[in-house]
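# coordinates for the following, if possible.
(2 chains)
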Number of protein chains: 2
Amino acid sequence: MSLLDRMRVIRPPDLSRYRRLVVDGQAVGWVAGELAARLRDHDKVFAVGDGTVMLSPRLRGYAERTAAVDAVLRSLRSGGWFRGWRDEAYPVGISFGRRLFEMERAAVPAFGVRAYGIHVNGFVGEGPDLRLWVGRRSRQKPTYPGQLDHLVAGGQPAGLSLEDNLLKECAEEASLTPDIVRRARPAGIVSYLLENEEGLRNDVLFAYDLELPPDVVPVNADGEIEEFYLWPIERVIEELSGTGDFKFNVAFVIIDFLIRRGFVGPEDPDYLELVHRLRRRPAADIVR
Amino acid sequence: MSLLDRMRVIRPPDLSRYRRLVVDGQAVGWVAGELAARLRDHDKVFAVGDGTVMLSPRLRGYAERTAAVDAVLRSLRSGGWFRGWRDEAYPVGISFGRRLFEMERAAVPAFGVRAYGIHVNGFVGEGPDLRLWVGRRSRQKPTYPGQLDHLVAGGQPAGLSLEDNLLKECAEEASLTPDIVRRARPAGIVSYLLENEEGLRNDVLFAYDLELPPDVVPVNADGEIEEFYLWPIERVIEELSGTGDFKFNVAFVIIDFLIRRGFVGPEDPDYLELVHRLRRRPAADIVR
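Below is the predicted model:
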């Protein structure tokens, strides 16, 4: 029954089962043994070694790498890999500002590359009177149906700037107009690494704070959110501490918000542990 | 010439030269070989093993541990250890909210235990018009003379609550009255580990944001600050990016402030690296 319980859902994966994906000298992801074995059939694009899978250094630049990787992914897809193909490109790199190439979204967890997302803390008022907009995910959604969510959150595809993605997601998920969305300010990141049936989720979430005028009421336009609530911050803390009803990574971003805005302070015995768990260095960097 | 240059002053220490200090099953610090050898003479208090220095589990509770360690420190002090003895107790523990005992401040780096501090970002206005109060340290100070500093910053001794320490430091360093200081909100932490001639600095800095009314002008009362400036945030960013004039850990806390308030955003190629370097997990936790 604590905020730290929300962070405990993540157990560090056993990285010994993976090879590092190296592109242009940078470790950008993780590839499990079975996929690495398949990539041996594509040795003009990938060099599979004992501890690494290296993208051929003969591929130079963003477009050339993207095209070569895409051809391999499509070939593997026809062999049954990467279910849920979306025809949506995700950027690959150890930083969003330094992208090396792009890759079909459905293949991202199999390669353990960082996936970037945007999460918007939408709120009204400040201090003890602050209220946070909370969404209830549609019960029809394939992932985390019925769980509590942010005002707006979504993945970051390759073709859009962060700002354009923010405008698009805020329009689709909450019918917010550009003049309102432009008030959003970036406020840091939350990062984590976890293992599931798709592979590794090596996520970096960009948190935005968006103070809404009291008369702006979000209306979902894409069917992904069933209902919005405007909850006093104590109610949010109560739900977060006492239940697992918030989608796990939404909980992380809200805990970060609580810390940045002083709703959780350093006298809390879990304070340091919370702060450190919110910003686990993505594994691509920490392993030598 | 970048914010990241400010973070690069810290090189991770070679921890193989240290033994972990273990208290009540928790790794709370690091002890170098020479001190570990001396502690063998005090085997009722410390058990020196191959990789650890363990505080005797027969010592139970805060007061008993504190008294036993203090007696050892005073004995070593008479043999020339711990120069600059201050008769000021620092709390020891892996979290400020879970203190296990306290220890003379001058001995803290020799035991590599976490030292907590408070750093106050004092500012006026918001958004692009925000101005930050910056202090110039006295040229007479033994440490970092003449460097740029926060409005208020100081170590966190054991006998005071964080709030009382904040009130005390804000009065001494900037003549701020309690009604003003109580507006300060905790906003997270900056942590780092570095090695210097004293031993290990295993620091956790609690950042506070304090919005000051435009008519409040800080006046230093303890001779530690020579002058205060109220700088537009662009000027602060310029100084931070281009010079090493800010005291190193003050630079960290201000970079964290810039990120939290959106003055540095995710399109910056160094964004992720900055965020992660600001919150290095103190080493006591990461080594198994």
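# tally of neighbours for the spatially closest residue to A:Tyr144 that is not a sequence neighbour?
Residue nearest to A:Tyr144 in three dimensions, not counting chain neighbours: A:Lys247, with 4.7 Å by C-beta to C-beta, 6 or more residues apart in numbering or on different chains. From N, CA and C alone the C-beta is placed, and that goes for glycine too. By other C-beta atoms under 10 Å in any protein chain shown, 19 other residues sit near A:Lys247.
# surely A:Lys247 and A:Asp149 touch.
Yes: here A:Lys247 lies in contact with A:Asp149, judged by C-beta atoms under 8 Å, at a distance of 5.5 Å.
# what does the stretch 151-288 of chain A put close to chain B?
Residues of the stretch 151-288 of chain A lying near chain B by C-beta under 8 Å from any C-beta of the partner chain: A:161-162, A:185-189, A:191, A:204, A:206, A:209, A:259-262, A:265-273, A:275-276, A:279, A:281-282, A:285.
# mind listing the shared neighbours of A:Lys247 and A:Asp149?
A:Arg137 (C-beta atoms under 8 Å, 6 or more residues apart in numbering or on different chains).
# ok, the residue nearest to A:Tyr144 - contacts?
A:137, A:144, A:147-149.
# which among those residues count as buried?
A:137, A:147-149 (16 or more other C-beta atoms under 10 Å in any protein chain shown).
# quick check: of the residues you listed, which lies closest to A:Arg65?
A:Asp149 (34.0 Å; C-beta to C-beta).
# what sits against the residue in the stretch 1-150 of chain A that chain B sits nearest to?
Nearest residue of the stretch 1-150 of chain A to chain B: A:Gly97, at 3.4 Å (C-beta to the nearest C-beta). With contacts taken as C-beta under 8 Å, 6+ apart, A:Gly97 has the following neighbours: B:266-271.
# now, the buried ones among the contacts of A:Lys247 that are in strands?
The strands, defined by DSSP state E, take in A:137, A:148-149 from the buried ones among the contacts of A:Lys247.
# can I get those residues in TSV including pLDDT and distance to chain B?
Shown next, in TSV, are those (pLDDT from 0 to 100; distance: C-beta to the nearest C-beta, whole Å):
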residue	pLDDT	distance to chain B
A:Arg137	97	25
A:Leu148	98	24
A:Asp149	98	21
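# which residues in the stretch 1-150 of chain A form strands?
Along the stretch 1-150 of chain A, counting by DSSP state E, counting those that start in this stretch, strands occupy A:18-23, A:26-32, A:46-48, A:52-55, A:89-92, A:101-104, A:114-124, A:131-137, A:148-149.
# what's in contact with the third one?
Read it as strand A:46-48. A:19, A:36-37, A:39-40, A:53-56, A:72.
# so what's A:Glu273 scoring on pLDDT?
Looking at A:Glu273, its pLDDT is 89.
# what pLDDT does the closest residue to it other than its chain neighbours get?
Spatial nearest neighbour of A:Glu273, excluding adjacent residues (C-beta to C-beta, 6+ apart): A:Leu4 at 6.1 Å. Looking at A:Leu4, its pLDDT stands at 94.
# I'd say A:Leu4 and A:Leu274 touch.
Yes: assessed by C-beta under 8 Å, A:Leu4 is found in contact with A:Leu274 at 6.1 Å.
# which one's more surrounded, the two?
Ranked by neighbour count (other C-beta under 10 Å), A:Leu4 and A:Leu274 place A:Leu274 first, with 23 against 16.
# surely that one is within a strand?
No: using DSSP: H, G, I helix; E, B strand; the rest coil, the assignment for A:Leu274 is helix, not a strand.
# so it touches A:Ile259, yeah?
Yes: counting by C-beta under 8 Å, A:Leu274 sits close enough to A:Ile259 to count as a contact (6.6 Å).
# list the buried ones in the helix of greatest length in chain A?
Ranked by residue count and defined by DSSP state H, the top helix of chain A is helix A:61-78. Neighbour-count burial for helix A:61-78, counted by 16+ other C-beta under 10 Å, picks out A:62, A:65-66, A:68-70, A:72-73, A:76.
# cool, stretch A:158-178 as well?
Quick answer for stretch A:158-178 (16+ other C-beta under 10 Å): A:158, A:162-163, A:165-167, A:169-174, A:176.
# and if you look at stretch A:240-253?
A:240, A:246-247, A:249-253.
# average model confidence for that stretch?
For stretch A:240-253, mean pLDDT rounds to 96.
# next, the distance between the ends of it.
11 Å (C-alpha to C-alpha, to the nearest Å).
# figure out how far that stretch is from the centre of its chain.
Taking C-alpha atoms, centre = their mean, to the nearest Å, one finds the center of stretch A:240-253 at 15 Å from the center of the full chain.
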